[in-house]
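Novice: Pasting a predicted model and its sequence here:
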Amino acid sequence: MTAQLPTRIEHLVTSGTFSLDGGTWEVDNNVWLVGDDHEVLVIDPAHDADAVAALIGDRRVVAIVCTHAHDDHVNAAPALADRTGAPILLNEADRPLWDRTHPDRAPDGPLPDGHRLTVAGTELTVLHTPGHAPGAVCLYAPALGTVFTGDTLFAGGPGATGRSFSDFPTIVRSITDRLLTLPPETVVRTGHGDSTTIGGEAPQLADWPARGH
């Protein structure tokens with residue numbers, strides 16, 4: 001019998017644009033894969049379905065998870081779903097944002113708070129963390145010592161709340177109540193830029209400006 005390989009995290013940076021409220025910006029996005037040699041979970045397939053598919057290879061895709069529905073996080077999701085047959089999962093509160101980008105293609109399933117996803121024997125728990133977007137979620141994988149935060153928490157502070165569908169007090173409350181309660185050594189893998197840790201961000205709470213996009 002072949003020993004089961006441990007679950008691993010893979011990372012891809014893709015480039016494109018983010019558009020909202022009449023503006024468009026060039027952005028680099030983090031795409032995350034969690035899995036092993038046989039199956040993977042894809043988090044936030046951005047901009048380039050071909051590049052994400054190349055990283056997946058011939059592995060089975062358990063699900064395509066969107067941490068929120070800003071267009072730069074979901075623009076490649078339908079194409080990747082068509083190629084892999086995997087369902088697209090999104091918190092229902094972000095459906096109005098999703099429909100702006102994909103009016104003719106609904107997500108395949110919801111991401112309610114507390115929902116658990118399993119890939120390669122590893123469990124990830126959905127944490128609803130509104131503020132950057134109404135349906136923003138994070139995925140906490142205690143066995144991997146990591147949380148995937150999308151644009152809710154970055155290295156240096158919370159995601160931006162200066163555009164439609166966002167609210168700064170709400171995102172701070174989400175981070176305080178749902179993320180800063182995690183073990184301080186938990187690695188924060190973000191939607192853009194460098195990773196950080198829960199313990200590294202907690203002391204800065206009082207001085208956090210709104211940032212990111």
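Specialist: Cool, the structure landed.

Novice: my guess is Asn29 contacts His192, does it?
Specialist: Yes - using CB atoms under 8 Å, Asn29 makes contact with His192 at a distance of 6.1 Å. In short, each C-beta sits where N, CA and C put it, glycine included.

Novice: In terms of neighbours, single out the busier of the two.
Specialist: Set side by side, Asn29 and His192 show more neighbours around Asn29, with 25 against 21, by other CB atoms under 10 Å.

Novice: in the helix or strand containing Asp82, what counts as buried?
Specialist: Element membership for Asp82, per DSSP states H and E: helix 77-84. Within helix 77-84, the residues that count as buried by 16 or more other CB atoms under 10 Å are 77-78, 80-81, 84.

Novice: want to try CSV for the residues you listed, with pLDDT and distance to Gly162 as columns?
Specialist: Formatted as CSV, these follow (pLDDT from 0 to 100; distance: CB to CB, whole Å):
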residue, pLDDT, distance to Gly162
Ala77, 98, 25
Pro78, 98, 28
Leu80, 98, 30
Ala81, 98, 31
Thr84, 98, 35
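
Novice: so can I have CSV of those residues showing distance to Gly159?
Specialist: Shown next, in CSV, are the buried residues of helix 77-84 (distance: CB to CB, whole Å):
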residue, distance to Gly159
Ala77, 19
Pro78, 24
Leu80, 23
Ala81, 25
Thr84, 28
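
Novice: Arg60 is in contact with Asp36, isn't it?
Specialist: No - using CB under 8 Å, Arg60 is not in contact with Asp36; the gap is 10.5 Å.

Novice: neighbour-wise, which of those two wins?
Specialist: Counted by other CB under 10 Å, Arg60 and Asp36 do not tie: Asp36 has more neighbours, with 16 against 13.

Novice: where do the helices sit along this structure?
Specialist: 49-56, 71-74, 77-84, 95-101, 168-174, 198-201 (DSSP state H).

Novice: any residues touching the helix holding Asp82, and which ones?
Specialist: Where contact means CB atoms under 8 Å, 6 or more residues apart in numbering, the residues beyond helix 77-84 that reach it are 42, 45, 49, 52-53, 56, 60-61, 64, 66, 86-88, 102, 105, 108.

Novice: Most neighbours out of these, which is it?
Specialist: In terms of neighbour count, Pro45 stands highest of these at 33 neighbours, by other CB under 10 Å.
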